[in-house]
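# Below is the sequence, then the predicted model.
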Amino acid sequence: MRKIFILITLLIMSTAANAESKLQTIKKNGELRVGTTGDWDPMSMKDPATNKYKGFDIDVMRELAKDMGVKVKFVPAEWKTIVAGITADRYDISTSVTKTPKRAEVAGFTETYYKYGTVPLVLKKNSKKFPTWKSLNNKDVTIATTLGTSQEEKAKEFFPKSTLKSVEAPARDFQEVLAGRADGNITSSTEANKLVIKYPQLTIVNDGEKNPAFLAMMVPKKDKAWNNYVSKWIKEKKASGFFETLLAKYNLKSL
């Protein structure tokens, strides 16, 4: 009986050790499946007229697929379920998300390749009313967030006195501010700089960025081979100047 138990244990260990990594599966299938929300300018944007994706992260994923010698397939995802898409094997990797402890409990993070700050947005006509972060932390203030984003969690930390209002994609938090249904929202400094150009009625609260955050791709948590491959690829692309060129293309700050 003891010998049988040992043999079964060794078999289980051997099977786990030889479990196929995403790296082998992708190369075998000739396709890299990428989960992306398509609503984060300029990282990932979906054109509703053509259903095609464009943006910083989209260029990154196309480059990764090219270097792997495979095709890329973009899989629609939502912020509230983007982590679940990794755990349920709906895609092999995600476009960039903010590294958070909550997400790290169930998903793996690659090497980071972009850093940003968090800033609030308000209507320009209300800029004197809301000149600081502190002015937005008030029981008479409504702060909008998008369900499932890292900003949703940050809003609880930054604005404990305010009324928090989460909207579900495809709706976005800044749209609540534009419509007058919320006094402000918070977002990445990257997106904020794009939004104030697209919507000149919005303005950034100008007393500084908070909570520096790091972006990375999500991969299956236990797939070390796939994570190591992508992380090494990111490091090599940093050294080659690829990311520097891409940052310039999208008018983003250096890493």
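Right, received. Where do you want to start?
# mind listing the strands for the stretch 151-255 of the chain?
Taking DSSP state E, counting those that start in this stretch as the test, the strands found in the stretch 151-255 of the chain are 163-167, 184-188, 202-204, 210-216, 218-220.
# nearest to residue 111, of those strands?
strand 210-216 (6.6 Å; C-beta to C-beta). Every C-beta, even on glycine, is put in place using the N, C-alpha and C of the backbone.
# so where's the stretch 151-255 of the chain uncertain?
254-255 (pLDDT under 70).
# change it to 80
208-211, 253-255 (pLDDT under 80).
# what about the helices in it?
Secondary structure of the stretch 151-255 of the chain (DSSP state H, counting those that start in this stretch): helices located at 173-178, 189-198, 224-240, 242-249.
# still on that earlier bit, may I see the strands of the stretch 151-255 of the chain arranged in a markdown table, with distance to residue 41 as well?
Formatted as a markdown table, the strands of the stretch 151-255 of the chain follow (distance: least, C-beta to C-beta, whole Å):
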| stretch | distance to residue 41 |
| --- | --- |
| strand 163-167 | 17 |
| strand 184-188 | 10 |
| strand 202-204 | 13 |
| strand 210-216 | 14 |
| strand 218-220 | 20 |
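# who wins for proximity to residue 60 among the helices of the stretch 151-255 of the chain?
helix 242-249 (7.1 Å).
# Now do that closest one against helix 224-240, angle only.
60 degrees (axes from the mean of the first three to the mean of the last three C-alpha atoms, to 10 degrees).
# hey, which strand is longest across the protein?
Counting residues, the longest strand in the chain under DSSP state E turns out to be strand 114-123.
# Just the CA atoms of the helix or strand that it is followed by, as CSV, please.
Scanning forward in sequence from strand 114-123 by DSSP states H and E, the next helix or strand is helix 133-136. The C-alpha atoms that make up helix 133-136 are tabulated as CSV, following Å, rounded to 0.1, in the frame of the first residue of the first chain:
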residue,chain,number,x,y,z
TRP,A,133,-7.9,66.8,-3.0
LYS,A,134,-9.1,67.8,0.4
SER,A,135,-11.9,69.9,-1.0
LEU,A,136,-13.3,66.8,-2.7
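# quick one: contacts of helix 133-136?
Helix 133-136 is contacted from outside by 120, 122, 129-130, 141, 143, 158-159, 162, 183-184, 205, 207, 210, using C-beta atoms under 8 Å, 6 or more residues apart in numbering.
# now swap in stretch 28-40 and tell me
26, 44-46, 53, 55, 57-58, 61, 64-65, 68, 70-79, 82, 85-86, 90-95, 169-170, 172, 191, 218.
# switch to 6 Å and redo it
Residues outside stretch 28-40 that contact it (C-beta atoms under 6 Å, 6 or more residues apart in numbering) are 26, 44, 46, 53, 61, 65, 70-75, 77, 79, 85, 91-95.
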